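**Q** Please work out how this folds:
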Amino acid sequence: MVLERGPDGSGVPPSPRAVRALRVGSAVLVLGVVVPVCLAAGPWAGAAWRPAAALVLAVAQAVVLGWAVRGPGAVLGASALLGAAMWLLLPALSLTGALLGAQLALCVLSALRPVRVSRYGLLAMLALGPLAYVGAGTLSLVTHVLAVTLAWTAGQWRRAQQQRLAAETRRAVAEERARIAREVHDVVAHTVSVMVIQASAAEDVFDADPEQARHALRAIDDAGRSALGELRVLLRAEGGREGDDGRRPPRGFDDLAELAANARAAGLAVELDIQGNAPAPPAAVALAAYRIVQEALTNTLRHAGASRVRVSVCRDEEAVRIEVSDNGRSGGRSWRGGGSGRGLAGMRERAALLGGTLDAGPGPDGGFRVRAVLPIRCAS
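**A** Numbering: from 1, shown residues only. Alright, predicted model coming up:
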């Protein structure tokens, strides 16, 4: 489950894939516990319908759990009622086993809802403890209390884990925005310097060579428009501050070959393909493209176990399109580890600040693939 803290303290529901896994897993667990007991019970005391009725209730409980993410409180109540009825029909099934579906719903409730809400569900489940004592004595009561408490605690642990992950992601985004601000500051400073030089040249030849003066003025106009685009990016980047290493020119497309060479030196077979004869894009776009490729290669080297990677950069008058695909492991890829780009969250933020998109995941032929589209019009 991937949760983030909402404004009311609740968690954002997990992804559709996680929801499907939760539904299937819950149904398998519930039926896996109840079905063997129902089959072993058979007809007893002239009431052959009891195991069959208990089995029907187990199936209903498994179906109800499919809505645990949407309404965990309601599902908890329904599962508890179905479980209690199932236990009354089939005492051979322990109360803890009959309430397994309710325990799963309590775990989801604890993970998705504020503590003040899930606490009521915990108390309601514990209130069923006397039934366990009446049915099978002290051991059954202790088992019930431990199982219910463990389910609620597991939800709290998952909640805390995902809140910590969300905090790390927000921190990574903030750090990336600060870095973007420093880099764009260097780009803007360079552009303004060019404008000053061109203005001085225009003033020197204004009377002697009007055509050359007009050329300088056009250069100032182009540089000014580019600088305005960079400033828009800068103003959208929060927490920016000036760096102390502004003497180095900003990275760009010309530095991709160096990135590929460094990766090859580390033992990775890199295929670099740069296409397009469009005019050079704004420096912010070139810099973002460089950082995205840099982070993708770093991630491949550190986490993928790949032997080769293909880097494709295609630029035209509309956008710069980047694709980095490798033949490594696609599962369990970590984007939160160290690295110059602060992981996938930072790369997505960098692309979003330029009005672009970035997605990453398993490639069609295996391995891992990162694709980004950086529109030029939003930065010019």
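
**Q** Residue 175: which element?
**A** Using DSSP states H and E, residue 175 sits in helix 138-205.

**Q** correct me, but residue 58 touches residue 37?
**A** No - assessed by CB atoms under 8 Å, residue 58 is found out of contact with residue 37, at 9.3 Å. Where C-beta positions appear, they are placed from N, C-alpha and C, glycine not excepted.

**Q** counting contacts, what elements does the helix holding residue 175 pack onto?
**A** helix 95-98, helix 100-112, helix 115-126, helix 129-136, helix 210-236, helix 283-299, helix 343-353 (3 or more CB pairs under 8 Å, 6 or more residues apart in numbering; DSSP states H and E).

**Q** from the chain's centre, how far out does that helix sit?
**A** 11 Å (CA atoms, centre = their mean, to the nearest Å).

**Q** Roughly how far does the nearest residue to residue 305 once chain neighbours are set aside sit from residue 263?
**A** Closest residue in space to residue 305, ignoring its immediate chain neighbours: residue 328 at 4.8 Å, by CB to CB, 6 or more residues apart in numbering. Per CB to CB, to the nearest Å, residue 328 is found 13 Å from residue 263.

**Q** Overlap in contacts, these two.
**A** Any residue near both residue 328 and residue 263 by CB atoms under 8 Å, 6 or more residues apart in numbering counts here, and that gives residue 300.

**Q** Give me the neighbour count for the residue nearest to residue 305.
**A** 21 (other CB atoms under 10 Å).

**Q** quick one: secondary structure of it?
**A** Under DSSP: H, G, I helix; E, B strand; the rest coil, residue 328 falls in the coil class.

**Q** so it touches residue 308, yeah?
**A** No - between residue 328 and residue 308 there is no contact under CB under 8 Å: 9.1 Å.

**Q** about what we covered before: between residue 58 and residue 37, which one's more packed in?
**A** residue 58 (27 against 19).

**Q** check which helix or strand covers that one.
**A** Using DSSP H and E, residue 58 falls in helix 49-64.

**Q** cool, and residue 310?
**A** strand 308-315.

**Q** Mind listing what's buried along that strand?
**A** Going by neighbour count (16 or more other CB atoms under 10 Å), the buried part of strand 308-315 is 309, 310, 311, 312, 313, 315.

**Q** what about the second one, distance to residue 253?
**A** Read it as residue 310. 17 Å.
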